[in-house]
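# sequence unavailable; structure follows:
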(Lines give C-alpha, C1' and ligand atoms only; values in the text may rest on other atoms or scores of the structure.)
Protein backbone atom coordinates (compact mmCIF):
# COMPACT_ATOMS: atom_id res chain seq x y z
CA UNK A 1 0.00 0.00 0.00
CA UNK A 2 1.49 3.32 -1.05
CA UNK A 3 1.76 5.99 1.58
CA UNK A 4 0.22 9.34 0.91
CA UNK A 5 2.73 12.15 0.83
CA UNK A 6 2.14 14.30 3.85
CA UNK A 7 1.80 18.00 3.11
CA UNK A 8 4.68 20.26 4.03
CA UNK A 9 4.26 21.50 7.61
CA UNK A 10 3.90 25.11 6.55
CA UNK A 11 1.79 24.64 3.41
CA UNK A 12 -1.36 25.73 5.24
CA UNK A 13 0.40 28.88 6.39
CA UNK A 14 1.60 29.61 2.85
CA UNK A 15 -1.93 29.16 1.55
CA UNK A 16 -3.29 31.53 4.18
CA UNK A 17 -0.61 34.14 3.43
CA UNK A 18 -1.47 34.06 -0.28
CA UNK A 19 -5.09 34.53 0.64
CA UNK A 20 -4.27 37.57 2.78
CA UNK A 21 -6.67 40.37 2.03
CA UNK A 22 -5.07 42.71 -0.54
CA UNK A 23 -6.60 45.74 1.20
CA UNK A 24 -4.91 44.73 4.47
CA UNK A 25 -1.65 44.15 2.62
CA UNK A 26 -1.79 47.58 0.93
CA UNK A 27 -2.77 49.36 4.16
CA UNK A 28 -0.05 47.61 6.16
CA UNK A 29 2.59 48.36 3.50
CA UNK A 30 1.66 52.03 3.52
CA UNK A 31 1.66 52.15 7.34
CA UNK A 32 5.07 50.45 7.59
CA UNK A 33 6.55 52.80 5.00
CA UNK A 34 5.30 55.80 6.93
CA UNK A 35 6.48 54.57 10.29
CA UNK A 36 9.97 53.93 8.92
CA UNK A 37 10.08 57.61 7.98
CA UNK A 38 8.59 59.10 11.17
CA UNK A 39 9.74 56.98 14.13
CA UNK A 40 13.35 58.16 14.43
CA UNK A 41 12.68 61.91 14.15
CA UNK A 42 9.86 61.58 16.69
CA UNK A 43 12.03 59.53 19.07
CA UNK A 44 14.92 62.01 18.91
CA UNK A 45 12.54 64.90 19.43
CA UNK A 46 11.25 63.21 22.58
CA UNK A 47 14.69 62.16 23.83
CA UNK A 48 16.63 65.36 23.19
CA UNK A 49 13.93 68.07 23.28
CA UNK A 50 16.13 69.75 20.69
CA UNK A 51 14.10 69.08 17.63
CA UNK A 52 14.91 67.13 14.54
CA UNK A 53 18.48 66.32 13.58
CA UNK A 54 19.91 66.91 10.13
CA UNK A 55 20.17 63.18 9.38
CA UNK A 56 16.39 62.82 9.77
CA UNK A 57 15.75 65.63 7.31
CA UNK A 58 18.35 64.26 4.90
CA UNK A 59 16.72 60.80 5.01
CA UNK A 60 13.42 62.46 4.13
CA UNK A 61 15.22 64.44 1.41
CA UNK A 62 16.73 61.25 -0.07
CA UNK A 63 13.38 59.44 -0.27
CA UNK A 64 11.55 62.48 -1.68
CA UNK A 65 14.29 63.24 -4.21
CA UNK A 66 14.38 59.62 -5.44
CA UNK A 67 10.65 59.68 -6.16
CA UNK A 68 10.91 63.19 -7.63
CA UNK A 69 13.67 62.10 -10.02
CA UNK A 70 11.73 58.96 -10.96
CA UNK A 71 8.71 61.17 -11.76
CA UNK A 72 10.86 63.52 -13.83
CA UNK A 73 12.24 60.56 -15.77
CA UNK A 74 8.77 59.95 -17.18
CA UNK A 75 8.51 63.56 -18.41
CA UNK A 76 4.78 63.14 -18.65
CA UNK A 77 2.15 65.55 -17.54
CA UNK A 78 0.01 64.01 -14.89
CA UNK A 79 2.69 61.56 -13.73
CA UNK A 80 2.22 63.14 -10.30
CA UNK A 81 -0.39 65.61 -9.08
CA UNK A 82 1.01 69.15 -8.70
CA UNK A 83 0.71 68.85 -4.90
CA UNK A 84 2.93 65.78 -5.11
CA UNK A 85 5.63 67.75 -6.94
CA UNK A 86 5.44 70.42 -4.24
CA UNK A 87 5.61 67.87 -1.40
CA UNK A 88 8.57 66.11 -2.98
CA UNK A 89 10.38 69.44 -3.52
CA UNK A 90 10.10 70.68 0.09
CA UNK A 91 13.12 68.77 1.44
CA UNK A 92 15.25 70.22 -1.38
CA UNK A 93 13.96 73.69 -0.49
CA UNK A 94 15.23 73.07 3.06
CA UNK A 95 18.68 72.10 1.73
CA UNK A 96 18.85 75.24 -0.44
CA UNK A 97 17.75 77.42 2.49
CA UNK A 98 20.35 75.78 4.75
CA UNK A 99 23.07 76.48 2.17
CA UNK A 100 21.93 80.09 1.69
CA UNK A 101 21.48 80.87 5.41
CA UNK A 102 24.34 82.79 7.01
CA UNK A 103 26.42 80.45 9.17
CA UNK A 104 27.82 83.06 11.56
CA UNK A 105 24.57 84.57 12.86
CA UNK A 106 22.43 81.54 12.23
CA UNK A 107 18.95 81.44 10.82
CA UNK A 108 16.70 80.68 13.82
CA UNK A 109 13.54 79.97 11.87
CA UNK A 110 15.21 77.38 9.65
CA UNK A 111 15.19 74.87 12.50
CA UNK A 112 11.44 75.29 12.97
CA UNK A 113 10.93 74.81 9.24
CA UNK A 114 13.09 71.68 9.48
CA UNK A 115 10.98 70.25 12.33
CA UNK A 116 7.68 71.04 10.60
CA UNK A 117 9.00 69.64 7.33
CA UNK A 118 9.92 66.35 8.97
CA UNK A 119 6.95 65.87 11.28
CA UNK A 120 4.29 67.10 8.84
CA UNK A 121 6.10 66.12 5.66
CA UNK A 122 6.63 62.51 6.74
CA UNK A 123 2.91 61.58 6.78
CA UNK A 124 2.41 63.54 3.54
CA UNK A 125 5.37 61.74 1.96
CA UNK A 126 3.97 58.45 3.29
CA UNK A 127 0.69 59.08 1.52
CA UNK A 128 2.45 60.05 -1.71
CA UNK A 129 4.87 57.12 -1.66
CA UNK A 130 2.03 54.72 -0.84
CA UNK A 131 0.00 56.10 -3.72
CA UNK A 132 2.95 55.59 -6.09
CA UNK A 133 4.56 52.40 -4.78
CA UNK A 134 1.65 50.27 -3.52
CA UNK A 135 -0.43 49.13 -6.51
CA UNK A 136 -3.60 48.47 -4.50
CA UNK A 137 -3.42 51.69 -2.48
CA UNK A 138 -5.52 53.84 -4.82
CA UNK A 139 -8.24 51.16 -4.84
CA UNK A 140 -8.52 51.17 -1.05
CA UNK A 141 -11.53 52.81 0.53
CA UNK A 142 -10.78 56.23 2.00
CA UNK A 143 -11.07 54.93 5.58
CA UNK A 144 -8.34 52.34 4.98
CA UNK A 145 -6.05 54.92 3.38
CA UNK A 146 -6.64 57.21 6.34
CA UNK A 147 -5.97 54.20 8.56
CA UNK A 148 -2.47 53.88 7.12
CA UNK A 149 -1.80 57.57 7.74
CA UNK A 150 -3.30 57.30 11.23
CA UNK A 151 -1.03 54.33 12.01
CA UNK A 152 1.94 56.45 10.94
CA UNK A 153 0.86 59.31 13.19
CA UNK A 154 0.21 56.99 16.15
CA UNK A 155 3.64 55.37 15.78
CA UNK A 156 5.15 58.86 15.58
CA UNK A 157 3.44 59.84 18.85
CA UNK A 158 4.49 56.57 20.52
CA UNK A 159 8.07 57.02 19.30
CA UNK A 160 8.08 60.55 20.74
CA UNK A 161 6.88 59.18 24.09
CA UNK A 162 9.49 56.40 23.99
CA UNK A 163 12.13 59.06 23.40
CA UNK A 164 10.77 61.23 26.20
CA UNK A 165 10.73 58.33 28.66
CA UNK A 166 13.85 56.61 27.32
CA UNK A 167 15.28 56.33 30.84
CA UNK A 168 12.69 53.63 31.59
CA UNK A 169 14.21 51.14 29.14
CA UNK A 170 17.53 52.57 27.86
CA UNK A 171 20.68 53.88 29.49
CA UNK A 172 23.08 56.64 28.49
CA UNK A 173 25.48 53.86 27.49
CA UNK A 174 22.91 52.54 24.98
CA UNK A 175 22.98 55.92 23.23
CA UNK A 176 26.78 56.06 23.38
CA UNK A 177 27.23 52.52 21.97
CA UNK A 178 24.88 53.29 19.09
CA UNK A 179 26.87 56.43 18.19
CA UNK A 180 24.16 58.85 19.29
CA UNK A 181 24.39 61.67 21.79
CA UNK A 182 23.04 60.84 25.23
CA UNK A 183 19.96 62.85 26.16
CA UNK A 184 20.19 64.95 29.31
CA UNK A 185 17.67 62.79 31.17
CA UNK A 186 18.96 59.31 30.30
CA UNK A 187 19.56 56.66 32.99
CA UNK A 188 23.10 55.86 34.04
CA UNK A 189 24.21 52.25 33.73
CA UNK A 190 25.43 49.47 31.46
CA UNK A 191 24.07 49.13 27.91
CA UNK A 192 20.81 47.18 27.75
CA UNK A 193 22.38 44.19 25.98
CA UNK A 194 24.80 43.64 28.91
CA UNK A 195 22.12 43.45 31.59
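Nice, thanks for sending it over. Keep in mind that what you see is a predicted model, and the values were worked out from it rather than measured.
# in this structure, which residue is most central in space?
residue 37 (1.2 Å; C-alpha atoms, centre = their mean).
# can you give me the buried ones in the helix or strand encompassing that one?
In the assignment (DSSP states H and E), residue 37 maps to helix 22-48. Buried positions in helix 22-48, judged by neighbour count with 16 or more other C-beta atoms under 10 Å: 23, 26-35, 37-48. Every residue, glycine included, has its C-beta placed from N, CA and C.
# so which elements touch it?
helix 54-74, helix 108-133, helix 142-164 (3 or more C-beta pairs under 8 Å, 6 or more residues apart in numbering; DSSP states H and E).
# in JSON lines, list these along with distance to residue 93, mean neighbour count and mean pLDDT.
JSON lines is the format used below for the helices and strands packed on helix 22-48 (distance: least, C-beta to C-beta, whole Å; neighbours: other C-beta atoms under 10 Å; pLDDT from 0 to 100):
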{"stretch": "helix 54-74", "distance to residue 93": "10", "mean neighbour count": "16", "mean pLDDT": "79"}
{"stretch": "helix 108-133", "distance to residue 93": "8", "mean neighbour count": "18", "mean pLDDT": "70"}
{"stretch": "helix 142-164", "distance to residue 93": "22", "mean neighbour count": "17", "mean pLDDT": "88"}
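# dump the ones you listed to JSON lines, plus distance to residue 85.
Shown next, in JSON lines, are the helices and strands packed on helix 22-48 (distance: least, C-beta to C-beta, whole Å):
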{"stretch": "helix 54-74", "distance to residue 85": "7"}
{"stretch": "helix 108-133", "distance to residue 85": "10"}
{"stretch": "helix 142-164", "distance to residue 85": "20"}
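# of all these, which one is nearest residue 84?
helix 108-133 (5.2 Å; C-beta to C-beta).
# I figured the residue nearest to the centre of the chain hits residue 64, correct?
No - the criterion here is C-beta atoms under 8 Å, and residue 37 misses it with residue 64 at 9.8 Å.
# common neighbours of the two, please.
By C-beta atoms under 8 Å, 6 or more residues apart in numbering, residue 37 and residue 64 have these common neighbours: residue 125.
# thinking again about what came up before, now the helix holding residue 37 and helix 142-164, what's the angle there?
Per axes from the mean of the first three to the mean of the last three C-alpha atoms, to 10 degrees, the angle that helix 22-48 makes with helix 142-164 is 20 degrees.
# list phi and psi for residue 187.
phi -90, psi 140 (degrees, to the nearest 10).
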